[in-house]
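S.K.: Using only what follows, build the 3D model:
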Amino acid sequence: MSVFHGDCKDIMENLPSEGIDMIYLDPPFFTQKVHNQKTRRNDVEYSFEDCWDSIEQYIEFMEIRLQECYRVLKKSGNIFLHCDKNASHHLRVILDNVFGIHNFKNEIIWTYKRWTNSKSSLQSQHQTIYFYGKSKSSKFNTLYTDYSATTNVDQILQERARDSNGKSTYKKNQQGEIVWGKEKKGVALGDVWEIPYLNPKASERNGYPTQKPVLLLERIIEISTDKNDVVLDPFCGSGSTLVAAKLLGRKFMGIDFSEDACTISRERIKYPLKTNSHLMDNGVNHYLTKTPMETAILASLEAIPVQRNSGIDGFLRITQDGQAIPIKIQAPHESLYDAESKLIQAAKKRRCQYMVLVRTHSNYSQIAFSNSDYEGTLFTIDSLELSMANWYTGLENIAHSIINL
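M.R.: Residues are numbered from 1 along each chain as shown. Have a look, this model is predicted:
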């Protein structure tokens, strides 16, 4: 399939009616900004303008193009419109008018962790994808996810029945034994999707602003199309939709007004690539390495935990001389000498002047700092003392010692 350069309105006007199986569009969001970003090698900068004279101009622009989307979409087709807080409410009204309120299926929330410098409002950590069908017969493929850790799976697997009062109860056979239900595939996919935002070093990152992860587009394509169906992206940008479609064996068509976007898209579909997410593959628990004891000690100090680091288990929330203060908790089978060495090495690498070592065993109560030439200050506290005192006293003692050096 092809990537076309130009206004999607003009190009879609030349497409036959009802020939597309699914449309995904990631149009301008009405941010009133010029978006720019450099490639991973910092050798090229791409940009596009998302500035409008008024919201009325933006609404008219989107409504005309969504009407064309409706025309080219099959009766069994679906459309997914990606947006954010800037104009989502306006776009929802346009979609209701063009596709019909009765054809609204879902408001998908794509959530991710992405820290910003926002100081006057809450962190923006989600975007919205409106999901509409063209008719009641629009295609939908159910995907399943694993049960959560808090789910009583044994209860779910048991067949249910209604008693004489119409209440749900577990079904039993004539011998009074529980009747097991049919095979379960898991939990049907919900409308909140936690898929990591592309980090700057992701293998699929190409430097085009507002690039979306292929994993997100794969999920959209999987729930709404089958093999060899035709996918259209009227604002294809760097081509993530086209890459996902090719990887899943769909036909595809991309359109963009930017020549740079079309060039990037054509190159990407030659060698389709996606960044796998360890978070999605392994789950959040894979990254939680703290034992209950370590978690309790860090909580008693009101510290910020650090996962997967042998030299630092957390940081105090207070700082001294503008420097962070790392904490190391002596492991059960770790000598105090080894614990000290790991903490000092980690602190030296990060230029931390002050450190806290929590002793959990051994009769050795003081650290002489004899095994390092690093000119830092190390405080040793006993975990037993922390458990006997409240967290506030422990934190205040450390803070007092540091401030009065």
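S.K.: hey, let's count contacts and neighbours off CA atoms from now on
M.R.: OK.
S.K.: helices and strands around the lengthiest strand in the chain, which ones?
M.R.: Taking DSSP state E as the criterion, the chain has its longest strand at strand 73-83. The contact analysis (3 or more C-alpha pairs under 8 Å, 6 or more residues apart in numbering; DSSP states H and E) places strand 73-83 against strand 20-25, strand 126-133.
S.K.: List the strands paired with the helix or strand following the last one, with their directions.
M.R.: If I follow you right, that is strand 126-133. Note on strand 126-133: by DSSP states H and E, the next helix or strand toward the C-terminus is strand 144-145. Strand pairing for strand 144-145, determined by DSSP bridges: strand 187-188 (antiparallel).
S.K.: and the helix or strand where V356 lies, which strands flank it?
M.R.: Under the criterion of DSSP H and E, V356 resides in strand 354-359. Partner strands for strand 354-359, per DSSP bridges, with pairing direction: strand 326-329 (parallel), strand 377-382 (parallel).
S.K.: Kindly reformat the ones you listed as TSV containing mean neighbour count.
M.R.: Formatted as TSV, the strands paired with strand 354-359 follow (neighbours: other C-alpha atoms under 10 Å):
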stretch	mean neighbour count
strand 326-329	28
strand 377-382	17
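S.K.: looking at those, which is closest to G77?
M.R.: When those are compared by C-alpha to C-alpha, strand 326-329 sits nearest G77, at 55.0 Å.
S.K.: as a whole number, average confidence for the closest one?
M.R.: Mean pLDDT, strand 326-329: 90.
S.K.: Okay, helices next: where are they in the stretch 1-150 of the chain?
M.R.: In the stretch 1-150 of the chain, the segments counted as helices under DSSP state H, counting those that start in this stretch are 8-13, 55-72, 88-99.
S.K.: Redo the ones you listed as JSON lines? Include mean pLDDT.
M.R.: Formatted as JSON lines, those follow (pLDDT from 0 to 100):
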{"stretch": "helix 8-13", "mean pLDDT": "98"}
{"stretch": "helix 55-72", "mean pLDDT": "98"}
{"stretch": "helix 88-99", "mean pLDDT": "98"}
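S.K.: who wins for proximity to D256 among those?
M.R.: helix 8-13 (6.7 Å).
S.K.: Go through the closest one and flag the buried ones.
M.R.: For helix 8-13, burial by neighbour count (16 or more other C-alpha atoms under 10 Å) applies to 8-9, 12.
S.K.: and which of those residues is nearest K75?
M.R.: Of those, the one sitting nearest to K75 (C-alpha to C-alpha) turns out to be M12, at 16.8 Å.
S.K.: With adjacent residues omitted, what lies nearest to that closest one?
M.R.: Closest residue in space to M12, ignoring its immediate chain neighbours: E68 at 6.4 Å, by C-alpha to C-alpha, 6 or more residues apart in numbering.
S.K.: Likewise for I20?
M.R.: L73 (4.7 Å).
S.K.: rewinding a little: pipe the buried residues of helix 8-13 into TSV and attach distance to E159 per row.
M.R.: Compiled in TSV, these are given as follows (distance: C-alpha to C-alpha, whole Å):
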residue	distance to E159
C8	52
K9	53
M12	51
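S.K.: Closest one of the residues you listed to K113?
M.R.: For these, the nearest to K113 is C8 (31.9 Å; C-alpha to C-alpha).
S.K.: how about the strands in the stretch 151-300 of the chain?
M.R.: 160-162, 168-170, 187-188, 192-194, 230-233, 251-256 (DSSP state E, counting those that start in this stretch).
S.K.: So which bits of stretch 225-242 are buried?
M.R.: 225-226, 229-242.
S.K.: One more: stretch 312-331?
M.R.: Quick answer for stretch 312-331 (16+ other C-alpha under 10 Å): 312-316, 324-331.
S.K.: Dump that stretch to CSV, keeping only the CA atoms.
M.R.: Presented in CSV, the C-alpha positions along stretch 312-331 are these (Å, rounded to 0.1, in the frame of the first residue of the first chain):
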residue,chain,number,x,y,z
ILE,A,312,21.0,2.5,47.1
ASP,A,313,17.7,1.4,48.5
GLY,A,314,16.1,4.9,48.8
PHE,A,315,16.6,8.6,49.2
LEU,A,316,15.6,10.8,52.1
ARG,A,317,13.1,13.5,51.2
ILE,A,318,15.2,16.1,52.8
THR,A,319,18.4,17.4,51.1
GLN,A,320,21.5,19.0,52.5
ASP,A,321,23.5,21.6,50.6
GLY,A,322,21.3,20.9,47.6
GLN,A,323,22.4,17.3,47.5
ALA,A,324,20.3,14.1,47.7
ILE,A,325,20.9,11.8,50.7
PRO,A,326,21.0,8.1,49.7
ILE,A,327,20.0,5.2,52.0
LYS,A,328,21.4,1.7,52.0
ILE,A,329,19.9,-1.1,54.1
GLN,A,330,22.2,-4.0,55.1
ALA,A,331,20.9,-7.2,53.5
